[in-house]
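J.: I'd like to go over a predicted model; first the sequence, then the structure.
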Amino acid sequence: MAKIIPFKAFRPPRNMVHLVASRSFVSYSRSGLTHKLSTNPYSFIHIINPEFGDQKKTKSNTVSRFKKVRDKINQFIAEGTFVQDKEESLYVYRQKFRGNVFTGIIAGASIDDYENGVIKKHEHTILKREVIFKNYLETTDMNAEPVLMTYPDNDRIKEVLERQLESAPEYDYMSANSACHQFWKISDPEDIKVIQEQFVDFNALYIADGHHRCASSNLLGHEMRRNNPNHTGNEKYNFLMSFFVPESELNILEFNRVVEDLNGLSDTEFLSKLDEFFDVTKLAVKAFKPKSYNQIGMYLSNTWYALDAKIGTFDQNHPVEKLDVSILSKNILEPILGIGDLRKDRRVQFLGARNDTQVLTKLVDSGKMKVAFALHPVTIDQLKNVADMHSHMPPKSTYIEPKIRSGLALYKISE
């Protein structure tokens with residue numbers, strides 16, 4: 001049984017949303033970030049980077065910095081850049097990007113569902129990062145970036161959403177990357193009730209992106225419960241802002257890997273060691289993407305290879321061990337290239353799938369990297385199997401779309 005709630009979002013006025021909403025802060029280059037902050041005073045990026053142009057800056061990830069963020073949020077509200085809705089609502093966000101159409105619901109998800117396992121995860125979280133973001137949420141009192149979750153396709157929910165989509169959207173604009181963004185508000189109590197009742201029937205929801213944000217909201221919610229003698233369970237801190245997309249519309253892409261050296265091996269020695277784990281096929285192509293599971297593409301010294309994992313070199317029955325990212329780590333990165341901790345080893349880098357195989361070849365051909373590995377994407381069923389078994393994928397196993405814009409809706413935690 002999953003519980004979701006409506007809320008009164010703080011949102012940009014219709015004529016300002018294209019100026020306010022932004023990509024994730026980390027997706028900007030340094031020059032792109034400077035240009036955005038210099039030319040657009042309304043960008044949400046000013047909230048994430050509240051000291052742009054200041055000579056004296058606070059230390060990152062500290063309460064002092066988070067107070068600056070809070071002050072910038074309050075400034076945006078005072079200036080009318082964000083205005084709070086008067087009624088509790090669910091929100092529909094639709095994104096059209098590169099031939100894909102994603103339509104989902106922005107709502108509050110229960111931290112109790114996270115605690116009792118209804119909300120399932122497939123990645124490890126790091127307590128230090130959980131605490132940092134918990135402190136951020138506590139200080140700013142606003143959740144501005146929803147956790148991306150997925151739910152089973154549901155005809156009744158689809159019916160309600162399709163009816164909403166027939167009306168004029170609150171927002172309808174195109175961003176610089178040619179993505180179309182549309183946004184509707186569901187305020188009708190009956191429509192909200194129908195959607196909530198359908199979620200009650202779901203035995204599981206799956207985190208697609210935002211594991212640390214989810215864990216941090218859970219930490220904060222329980223802390224606020226302990227500190228509130230009049231706690232009822234209905235306070236907004238019992239929920240976290242989430243963006244729910246049906247399973248059929250989730251787009252899971254691969255995260256490829258590039259490594260800067262062969263751990264002291266020559267090309268010949270390296271290829272010879274691969275024979276123990278893979279059938280290695282040299283390819284006469286300029287680019288290659290794996291065509292099936294348990295096949296890895298490799299680019300080395302101007303040549304592409306297909307690496308087909310040999311039966312018996314991995315556990316075909318384990319939801320994690322049979323993933324291609326695990327096969328790569330267990331049979332190449334760890335034993336041959338000496339890369340044991342993907343989170344800390346600087347010799348390995350990750351490239352999301354929007355960086356195609358041509359980017360891999362360029363990095364190797366330039367001499368910046370020695371070898372590149374192209375992977376087959378994880379499926380939604382594989383992701384769910386891992387989560388259902390309470391297992392965890394290796395770091396950077398999935399690149400999942402849609403990527404919702406920051407600043408479209410803000411969720412006040414203390415209401």
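T.: Thanks, I have it. Residues are numbered from 1 along each chain as shown.
J.: do a quick rundown of the helices in the stretch 301-415 of the chain.
T.: Counting by DSSP state H, counting those that start in this stretch, the stretch 301-415 of the chain has helices at residues 324-328, 357-365, 380-388.
J.: and those, which one's lowest on average pLDDT?
T.: When the helices of the stretch 301-415 of the chain are compared on mean pLDDT, helix 357-365 scores lowest, with a mean of 91.
J.: need the helices of the stretch 301-415 of the chain in a markdown table with distance to residue 118 and mean neighbour count, can you?
T.: Placement of C-beta: from N, CA and C, glycine included. Below are these laid out as a markdown table (distance: least, Cβ to Cβ, whole Å; neighbours: other Cβ atoms under 10 Å):
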| stretch | distance to residue 118 | mean neighbour count |
| --- | --- | --- |
| helix 324-328 | 26 | 23 |
| helix 357-365 | 39 | 17 |
| helix 380-388 | 11 | 19 |
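J.: between those helices, which gets nearest to residue 277?
T.: Smallest distance to residue 277 across the helices of the stretch 301-415 of the chain (Cβ to Cβ): 8.0 Å, for helix 324-328.
J.: what helices and strands are in contact with that closest one?
T.: Using 3 or more Cβ pairs under 8 Å, 6 or more residues apart in numbering; DSSP states H and E as the contact test, the elements touching helix 324-328 are strand 295-300.
J.: any idea of the mean pLDDT in the strand it packs on?
T.: Strand 295-300 carries an average pLDDT of 97.
J.: same question for stretch 250-263.
T.: Per-residue pLDDT values over stretch 250-263 give a mean of 95.
J.: what are the buried residues along that stretch?
T.: Buried residues in stretch 250-263, counting neighbours by 16 or more other Cβ atoms under 10 Å, are found at 250, 251, 252, 254, 255, 256, 257, 258, 259, 260, 262, 263.
J.: can you tell me which of the residues you listed end up in strands?
T.: Taking DSSP state E, the ones among the buried residues of stretch 250-263 that sit in strands are 251, 252, 255, 256, 257, 258, 259.
J.: show me where the stretch 251-400 of the chain has its strands.
T.: Assigned by DSSP state E, counting those that start in this stretch, the stretch 251-400 of the chain shows strands spanning 251-253, 255-259, 278-283, 295-300, 303-309, 348-352, 371-374, 399-401.
J.: with adjacent residues omitted, what lies nearest to residue 377?
T.: In this structure, residue 377 finds its nearest non-sequential neighbour in residue 254, 4.2 Å apart by Cβ to Cβ, 6 or more residues apart in numbering.
J.: what do you get for residue 100?
T.: Once flanking residues are discounted, residue 100 sits nearest to residue 251: 5.5 Å by Cβ to Cβ, 6+ apart.
J.: cool, residue 383 as well?
T.: Ranked by Cβ to Cβ, 6+ apart and with sequence neighbours excluded, the top spatial neighbour of residue 383 is residue 122, at 5.5 Å.
J.: for residue 288, see how far away residue 48 is.
T.: 38 Å (Cβ to Cβ, to the nearest Å).
J.: right, I'll call it a day here.
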